[in-house]
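S.K.: With the sequence up front, the predicted model follows.
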Amino acid sequence: MKTDGYTLMELMLTISLIAIILIGGTAIFLNGLRSNSIGDMDQKLNTSLRSTLNTFERNIRFGTIISVDSNERNVCLANAEAGVSGTSLIVEDRLGAESEYKIDDAGSKVASISAVSTAKVFISSNDIEVSDISFTWYCRSGVNDKINVQITASAIASGGGVLAPRTMSRQIELINSGIN
């Protein structure tokens, strides 16, 4: 007498194969999600850094540099091609108002602080944490000043917890600074 059905060994083998396929598929799926999250974070970081540098450029292009850290124009001229570097920049706008650009005292955003009202405006995005900013001021008599702005920031991928630091810089030629 013959009965139709599966043996215990066949059932165990089938269940084992299905479990292996499901575990492997889940791992591939989660890896894909994580890669997508890292790609999104990378794009967000690049976009936020570019936006911050664009804001700098708009705010200071027509201004006059007063100092980088405590280094004023005479120090910059003495350093010629080497320029002067620091972590804070003071610029006077076309209307004569001074603003200081630096990392906020809390330490994760770039701030513009008005010398008159001491109002603080954050120019870096909430999506990133700025860890370092540096300004290098190049000046020579008779030539427009240039400022190189370099920002190092990082972002955290949602769900992935991956921290990715990135450094981006831009050299800005100042229209009203340095021609004398």
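M.R.: Noted; the coordinates are in hand.
S.K.: and Ile113, what are its bridge partners?
M.R.: Glu100, Lys120 (DSSP bridges).
S.K.: Surely it touches Glu100?
M.R.: Yes: assessed by C-beta atoms under 8 Å, Ile113 is found in contact with Glu100 at 4.7 Å. C-beta coordinates here come from the backbone N, C-alpha and C atoms, glycine included.
S.K.: start to end distance for stretch 68-80?
M.R.: End-to-end distance for stretch 68-80, by C-alpha to C-alpha, to the nearest Å: 15 Å.
S.K.: for it, which positions count as buried?
M.R.: Val68, Asp69, Asn71, Arg73, Val75, Cys76 (16 or more other C-beta atoms under 10 Å).
S.K.: same thing with stretch 129-143?
M.R.: Glu129, Val130, Ile133, Ser134, Phe135, Thr136, Trp137, Tyr138, Cys139.
S.K.: Tell me if the fifth one really is in a helix.
M.R.: Same thing as Phe135. No: counting by DSSP: H, G, I helix; E, B strand; the rest coil, Phe135 is not part of a helix but strand.
S.K.: what's the neighbour count on Arg61?
M.R.: Arg61 has 15 neighbours, counted by other C-beta atoms under 10 Å.
S.K.: sorry, that was for Phe56
M.R.: Per other C-beta under 10 Å, the neighbour tally for Phe56 reads 24.
S.K.: for it, what are its contacts?
M.R.: Contacts for Phe56 (C-beta atoms under 8 Å, 6 or more residues apart in numbering) come out as Tyr101, Ile123, Val149, Arg170, Ile172.
S.K.: Which one of the buried residues of stretch 129-143 is nearest to Glu57?
M.R.: For the buried residues of stretch 129-143, the residue nearest Glu57 by C-beta to C-beta is Phe135; the value is 12.8 Å.
S.K.: before we move on, the earlier item: Serialize the buried residues of stretch 129-143 to TSV and add fields for pLDDT.
M.R.: Compiled in TSV, the buried residues of stretch 129-143 are given as follows (pLDDT from 0 to 100):
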residue	pLDDT
Glu129	86
Val130	89
Ile133	92
Ser134	94
Phe135	94
Thr136	94
Trp137	93
Tyr138	92
Cys139	88
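S.K.: which of the contacts of Phe56 tops the neighbour count?
M.R.: These, ranked by neighbours (other C-beta under 10 Å): first place Tyr101, 23 neighbours.
S.K.: Fine by me, we can end here.
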